[in-house]
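Student: my questions are about this predicted structure, shown below with the sequence.
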Amino acid sequence: MMATRKPLDLTTLLEKARARAGAFLAERVGAMPNVASARTHRLAGRIAHAKAVPSVCAYCAVGCGTLAYVSPGGKLLDVEGNPESPVSGGHLCPKGSALFGLTVNEARWTTVKYRAPYGDRWEDRPLDWAMDRIAHLVKETREKTFVKVKNGKRVNHTLGIASLGGATFAIEENYLLGKLMHALGVVSIENQARI
Amino acid sequence: MANGFFTDTTLCIGCKACEVACKQWNELPSDGLAFTGMSYDNTLRLSGTTWRHVAFVEDREVGTTIVNRWSMMSDVCKHCTHAGCMEACPTGAIIRNEFGDVYIQPDVCNGCGYCVPSCPFGVVDLIEPFKPSAAKAAEYNTATLDRERLSEGALQSHGGIAGKCTLCYDRQRLGFTPACAKACPTESIQFGNVDDLKARARKRVERLRERGVDAQLYGVDETTSVGDLNAFFLLTQPPEHYNLPARPVLPSTHQPAGYAAAALAAAALAVAGLAIFRGR
Amino acid sequence: MPGLGTSFGRGGATTFLQDLQNADCILIEGSNFAEAHPVGFRFVTKAKERGAKIIHVDPRFTRTSALADLYVPLRSGTDIVFLGAIINWVLQNERDFREYVVAYTNASSLVSADFRDTEDLDGLFSGWNDFARDSGASAMAQQGAGGGRGESTYDTSTWQFERNPDGTLRRDETLTDPRCVYQILKRHFSRYTPRMVEDVCGTPRELFFEVCESLAANSCRERTTAFAYAVGWTQHTVGVQYIRTAAILQLLLGNVGRPGGGIMALRGHADIQGATDIATLYDLFPGYLPVPSIQRDEQTLAAYLKTNTKPTGWWNNFPKYFISMLKAFFGDAATAGNDYCFDYLPQLTGDHSTIPTTFAMKDGEVKGYFVIGQNPVTSGQNTELIAAAMDRLEWFVNVDAYENETSSFWKREGAQPGQIGTECFFIPAATILEKEGTVTNTNRMLQFHEKAVEPAGEAVSDAWLFYQLGKKLKALYANSTDPKDRPLLDLTWDYENDDERERLRGEPSVFKIMQEINGFQVATGAQLTGFAECKDDGSTACGGWIYSGVCPDKQTHRARNRRGDEYTSLDWGFAWPANRRMLYNRASADPAGRPWSERKKYVWWDESAQKWTGVDVPDFPANKAPSTPAKPGAAGMDAHSGADPFIMQLDGRGQIFVASGLKDGPLPAHYEPLASVIQNQLYKQQNNPTLREWDRSDNPYNGQVNPRYPYVLTTYRITELSGVYTRYIPWLAELQPEAFCEIDPELAVEKGLKNGDYATISTAVGEIEVRALVSGRMRPLRIAKGQRVHQIGLPYIFGNFGYTSGDTSGDVIPLAMDPNVSIHEAKTLTCDIRAGRRAPRGRVAQDDAVPEPERSRDGQPLIHGREAGV
C-alpha cells in the first residue's frame, strides 16, 4: 500500500509544481502575445454580406427551417438552420447540416442524359429534344394501351404507363403530376407514402 | 472574458450534426471512407480536418455481453487557459484572439508541426497537403468544397499546415454562434461566455445529481497545468472512458527538468572533454 | 392512413412535435426517433428535462434507447401482443380514464348479435370468405396483376353497430352489456397476458409491468402520455392494426386531443404528408377523395357520391369537395349537365399500387415509367425483380439530381445492357434551394420554401417538367376528336408565371397552383377563405379541400407565415385543416366544455362569449355549445352532440371498434409476419389471412417457419444517411462508409464472425454481403419453450452509387403486402447469416465466359458510382 501511495503523493507535488511553472510561462506568453496577421484582422464569416433566403430542409418530415445564404452575385455560400422556426429552433441533423453539399456537388448530374435501347452508356442530349421525345412516347403508349370499357364497364384508363415518386418534392408539383396523369387516364400513380 | 463551449454529454444523441456542420462551414474535406467497426464511430478522432468528433462508448452489464448504456460525447479543441500548442509555436502563428480562444493563423503557419505533440489532448494535427484543383474529387472527398474560395479559408495552401477548431472565429466576428453549437439538435453543445456557461453547468450538475445521475464537470476548477478549459464537458463517467486524459499535462512543465538534465549532460560532456584533452 | 383514420377520423398525426414537451410520459415504439428525426427529438429531451418518463420499445438498443429512461426489448413483429397486453392490463385493473372512455369513445356502443370474435373463431372474425380456397377464379379476375394471392375478404355486415328505431346507436353507458364494445374488447384481449408477452415478444414481464404502470400513472385529468411511431409499425403485413392497437390504448387512457398526449406519426420524407394529402397515390385524389372504382360500381356521379357521402358527421359534406375538385380540374367544361365531367375520370379495376404495378411491369403490361425523386432499386424490396421488371419497359424517365441505382438499373451487377431494350432518360432535377414550393411536414403543417439560387446547369423543377409535358401533350392532341382525349384537352392548365424571367424559362407559378388547391369562387375568381365555402353546385372550384384557407385571398400565402412562438405557433406556416395544430382538441375539455385540469388546459368553452377558445384553433364547430344535444335522424354535424369531439366520424366518437374501413378486422389481432421463427402462439391462424402475396419463382418466400432461415431480420435507416444523394456527400459518407449489419455477440461466436468481418445474409430471394458490427446492443431474446431468438439489424440505405459501398438490403426482401394500404413488409423478415462474402451475382446461362465482376486488391468491389460520378 505504502509503495503505491508514495509515488502518488510525489506525482501530485510534481503536478502542482508544473501548474505553477505553466502559469509562469503563460504569463510570459501573455506578456508577449503573438501578433495577429493582416488576414486575421480582416477575418469575417463569408456570409457577412449575404442574403438569407428562408427554406425548408429537403430530407425528413420534421420540416426544419433553413436559411440559404446567397452572395450578391447569386452564389450559394452556406446553408444553416433558421433559428426562428418553432419546429427546429435553428438546429439541424447531420444530413440537414450537409444541405449545401446536396446542391453544390461535383458528382451531381446537371445535364439531360439519354441511354439508347441496348446501349451501354449515358449521353448528353438537349432538354428540348428529350421533352419532345418523352411527350411522343407518352402519346404512343397511351394510344396503344388505353382501355375505354372493361367487362362492360367504363374504365377510361391506361395501365401501360406508371409513375412513382412525390414525397421528395413540393405539394404544387404533386398536384400537377396527379392532375396530368389522371387526365391521361394513368392510374398507377404512387409515391413513397404507402401508409 | 472568453467565449467557449459547454458540451453536456447527457443530452448527446450521437447524431454527428456537429461534425458535419463544422465541416460544411469550415469547408473541410472528408478524412476518408473506412468502416471501423468501432460502434457507430467511423471518424475515430479529431484531426487537422475533423474539428468535432463524436465518440461512442458501449458499456456492458457486468458479467454479460449486454450493452445497457451507450455514451456519446462530442469532442473538440479545449481552447486551454494554458495552451501547449501556442507555447510551442515558433512562428507566432497561434494566437489567443479577442474572444479568448486559441486560433491558428493559416497564413502564418508553416506546417512545422511543433504544436502537434505539444497538445496535451492530441487535438492539433497537420493537414495533409492536397490539390483541390485535381479532377478526381472523390480521391480527396472534396466534392462539395468550393474550389475558388479554398485559398481564402482555413485550408490555405491546400493543407500542409496545422489545423484544429477555430471556435468559428470568423462567425464570432459576425456575432454568430459557432456552426456545431448552432446545429446540435438537443443543445448538448452550448456556446457562450465561459463564466456564464460554467454557472449553467454547475446548476446542471446539481440537478442531475438530484436525479441520481453521477455527473461531473471536466475542465472546470482544474488544478492541472493546462488550467481550466474554455471548451469544457459534463461527463457521467471517468474522463478516460471518453479517451480524455484524467490529468492533462502541459508539455512545457517538463522544461525545467529538461533544462536541468541538459545542463547536467553538458557538464558531464565538459568533464569528459577535459579528461580527454588531459589524457593527451 | 387507415390506422389513425378509422380510429379518429383523419390519417394525419393527431398532434405536433412541439407538444411532445408537455407529455408526462412518452412511449416511443416502432420508431428510432433520435436517429431518424433528431431535431424533432429535441422535444422529447425537453419533456425528459421536465420530468417526463421516456420509454423506448424496440428490437434494438439504439441511440433513442440510450436517451430513454427505460429500454424494453421485444421481438420484431410482435407489437400487437405487447400493446394488446397493456390494453388487457388496463381493462383488468380498471385503469382506463372512464369518464373520457364513456363520453368520447364508442366503448358503450352495442355490436350486432351476429358478430363473432377471434376468440370464437380461433384467429378469424365473422364474415370470412376464403376466395382463395372456394373460388380462385373469381379472385383472379378481380385482382390487379402479377398472379398475386390474397383477394380473400371479410364480409363486414356482422361487424356493424346496433341501432335504435330512430336511427341512433344503441348504447350501454354502464359498459356492462356483453355486446358493448368495452366488453367485447375485454374478451378479445383477455389472452394477451404478461405470460404471452414473455412467450411471444421475449420481453421480461417486470419491464412490461413497468411500462403498464408508467402509462396508467401518467394518463388522467392531470397528466398525459404521448405515443410516437414511424415505419417500424407500418411496414408489416399487419401494419395498420399496429397503429389501431395504439389508438385503442390511447383512447382508453384518455390521451387523444389533449396537450402532451396523442399519437405522433413520424413521417419520413420532406413532403410525404403532402404527397398523401394532395395525393400522388393510385386510389386517392387530393383531400382523401377516392378514385372511382368498378369494384364499387361507381360508374355514375350519383353512384359515386352515394358510396362516399356519409350520412352523419363532417363527411356529409363530401359532394361539395368532390364537385369543387372536378371544377378545379376541368373548369368551364364541368357542368351540372355533364355531371361535372365525372366520366372523364379513370376508373380503378384493382390494386394499382407500387407492388402490383411492379409485377405487371415484369409481366410486360407496363410500357412506360416515370420515377421522380425515388429510388426503388435500392429502397424497394426484391430490388432485382424491380430492376428486371424495368428491363422490360419500352421507355423510362428518371428525374433526379444524382445518378442512382434506379436511373442506371441497366448497369447493375450481372445485367447485360446489350440485352436491355429500354429507352432511358435522365432529367436533372433542381434541388429544394433552386425552386420555390410548399411542403407539408409531419405536423400536417405546410411550409413554403423560397428559391435561393438558380438551378445548376440544365436542372429543372418538377413543376417545370410536368407543366411543360402537359403543354406538349395538349399540343400533340390538339386536333383530336376522340372522346378519350377530352379530359386532357379540357384540363385547366394555366399557371403562367407573373415573373417575366421565370415565365420565359417556362417555370409555372406555384402560387397560382396553390391558389387553385385552396379554391376560388368560379364567378368572381375570389379565393375561398376555407373549405366551409365549398359548394356542390359548381359555383366553387377547389383542388384540395383540406388545404383550403392556405391562400384565403389573392395576396396571402399562409404557408409563408414565419412568426413562431414557444408553442402552437399559429402564425408559422399553415396546418390542415383550418390551421388546427392539434386534432380533436375538443377532447382537451370535459363533456361540459371545461378543461380536464388547469395543468392540461388547451381548448375550452367560453360561456360568456358562447364560443370555443384556447391556444389552438378549435377542431369543432366554433359556436356549438357543449350542451347541444344530438338530433336523431339529422344529417351531418347536427347528428352529433356538443360533446362529440371526433367530428369526422359518423357518431362523433373515437372508434375503439371499427365497423367499416378495415379489411382485416374491427379489432387488432396478432398474426406472425409472413416469415417468422415461431408458430402463432395466440391463434391457429398464422398470418394475416388477408395479406397479399406473390409466390412466384422470381419472388420466392422463406416459408412461414423455416429452420433454414432461423434468424429475425429487421431493416431501418440510420441518422447519417438517407437516400442516394447523401451517399454522394463526402461529409456524410465518411460517417457511415459501408453497409453493415448489427448482430449480437452470442450469434457472432456461433457463426465465427468477428467484429468488422464480412458477413453474407441470405433469404430465398437472394444474398447480400455486409460488414458485421458485433454489439451487445443487440440482445438474444428467450421466447416460448425456451427458444432463443437472434435478431439481425440491417440498415437499408446503402447501394452501389455514391461514395459509400455495400449491397442493398432490398436484395434479400421479398414482396408481400398488407391488405389495407398495400404496404410492404420490411421490418420483420427471416434470414440466415454466414461468415464471408457472397458469390458474384449470377449472369444468364449462356454467358459463362464473362469474367466475374472485378474487385480491387483489398477486396472492395469496384463501384459504378465512382466511375461514373466523377
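Tutor: Sure thing, it's come through.
Student: how many residues are close by the residue nearest to C:Thr492 when sequence neighbours are not counted?
Tutor: Excluding the flanking residues, the one nearest C:Thr492 by C-beta to C-beta, 6 or more residues apart in numbering or on different chains is C:Gly331, at 4.2 Å. From N, CA and C alone the C-beta is placed, and that goes for glycine too. A total of 16 residues lie near C:Gly331 under the criterion other C-beta atoms under 10 Å in any protein chain shown.
Student: tell me the contacts of C:Gly331?
Tutor: Residues near C:Gly331 by C-beta atoms under 8 Å, 6 or more residues apart in numbering or on different chains: C:490, C:492, C:541.
Student: run a quick neighbour tally on the nearest residue to the last one once chain neighbours are set aside.
Tutor: Spelled out, that is C:Ala541. The spatial neighbour of C:Ala541 that comes closest, neighbours along the chain excluded (C-beta to C-beta, 6+ apart), is C:Lys327 at 3.8 Å. Using other C-beta under 10 Å, the number of residues around C:Lys327 comes to 28.
Student: which one (most neighbours) among the contacts of C:Gly331?
Tutor: C:Ala541 (26 neighbours).
Student: spatially central residue in chain B, please.
Tutor: B:Cys77 (2.5 Å; C-alpha atoms, centre = their mean).
Student: tell me the confidence at it?
Tutor: The score at B:Cys77 is 98. That number is its pLDDT.
Student: right, and it touches B:Cys165 too?
Tutor: Yes - using C-beta atoms under 8 Å as the test, B:Cys77 is close enough to B:Cys165 to be in contact (3.8 Å).
Student: next, show the common contact partners of those two.
Tutor: The contact lists of B:Cys77 and B:Cys165 share B:51, B:123, B:231, where a contact means C-beta under 8 Å, 6+ apart.
Student: identify, from these, the entry nearest to chain C.
Tutor: B:Trp51 (12.2 Å; C-beta to the nearest C-beta).
Student: which residues are in contact with that closest one?
Tutor: B:22-23, B:26, B:28, B:76-77, B:163-166.
Student: among these, which ones are in strands?
Tutor: Among those, the ones falling in strands (DSSP state E) are B:76, B:163.
Student: neighbour-wise, which of the contacts of B:Trp51 leads?
Tutor: B:Lys23 (30 neighbours).
Student: quick check: closest non-adjacent residue to residue 181.
Tutor: Went with chain A since none was named. Closest to A:Met181 by C-beta to C-beta, 6+ apart is A:Ile189, at 5.1 Å.
Student: sorry, I should have been clearer: chain C.
Tutor: In this structure, C:Val181 finds its nearest non-sequential neighbour in C:Phe657, 4.3 Å apart by C-beta to C-beta, 6+ apart.
Student: what do you get for C:Cys542?
Tutor: Closest to C:Cys542 by C-beta to C-beta, 6+ apart is C:Gly519, at 2.9 Å.
Student: for A:Lys153, same thing?
Tutor: A:Lys153's closest residue in space is C:Ile294 (C-beta to C-beta, 6+ apart), at 4.5 Å.
Student: ok, now which ones touch that neighbour?
Tutor: A:150-151, A:153, A:155, C:347-349.
Student: how close does it sit to A:Leu184?
Tutor: 19 Å (C-beta to C-beta, to the nearest Å).
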